[in-house]
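Asker: what would the 3D arrangement of this be:
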Amino acid sequence: MRGFGDLESAIMQALWDQDGPTSVRQVWSVLQPDRPLAYNTVLTVVDNLYKKGWLHRERDGRAFRYWPKATRADYGVQLMRDAMAESGDPAGSLVNFVRQLDDQQSAALREALQTYEAGENPS
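Answerer: The predicted structure is shown next:
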């Protein structure tokens, strides 16, 4: 699995922030304040994300509405798993990762491990 490109990532973030199926025009509008892009550029990238299997879509008149197949958290998990697998030394990669965490991130990791060990579902 490869991470998203810059525009792909911005589009996925916009889709993850929506409550449900979203038109390309809505995504384009969300991106406009920070990224003045042509509508067709956004349309092409959304279609590419659909073809790559990242998005669901349903017809809405002459257009489509799109929504992510995976959650933002699921995507992050898969990136971490792929990075560990490609490192050749998963345990070493985890140790180096933990060394680079700040105090807040370390606390979150401890809490996640305690939740996992207790067999609880995360909130």
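
Asker: quick one: stretch 103-119 to chain centroid distance?
Answerer: Its chain's average C-alpha position is 21 Å from that of stretch 103-119, according to C-alpha atoms, centre = their mean, to the nearest Å.

Asker: swap that for stretch 4-20, sorry
Answerer: With C-alpha atoms, centre = their mean, you get 7 Å for stretch 4-20.

Asker: now stretch 96-116
Answerer: 20 Å.

Asker: check stretch 84-93 too.
Answerer: With C-alpha atoms, centre = their mean as the basis, the mean position of stretch 84-93 lies at 22 Å from the chain mean.

Asker: now do that stretch, average pLDDT.
Answerer: Stretch 84-93 shows an average pLDDT of 90 in the prediction.

Asker: buried ones in it, by neighbour count?
Answerer: 84, 93 (16 or more other C-beta atoms under 10 Å). (Each C-beta comes from the backbone N, C-alpha and C, glycine too.)

Asker: let me see the domain layout of this structure.
Answerer: Using automatic domain parsing, the domain ranges for the chain come out as 6-68, 72-117.

Asker: just name the most buried of those domains.
Answerer: domain 6-68 (a mean of 15; mean count of other C-beta atoms under 10 Å).
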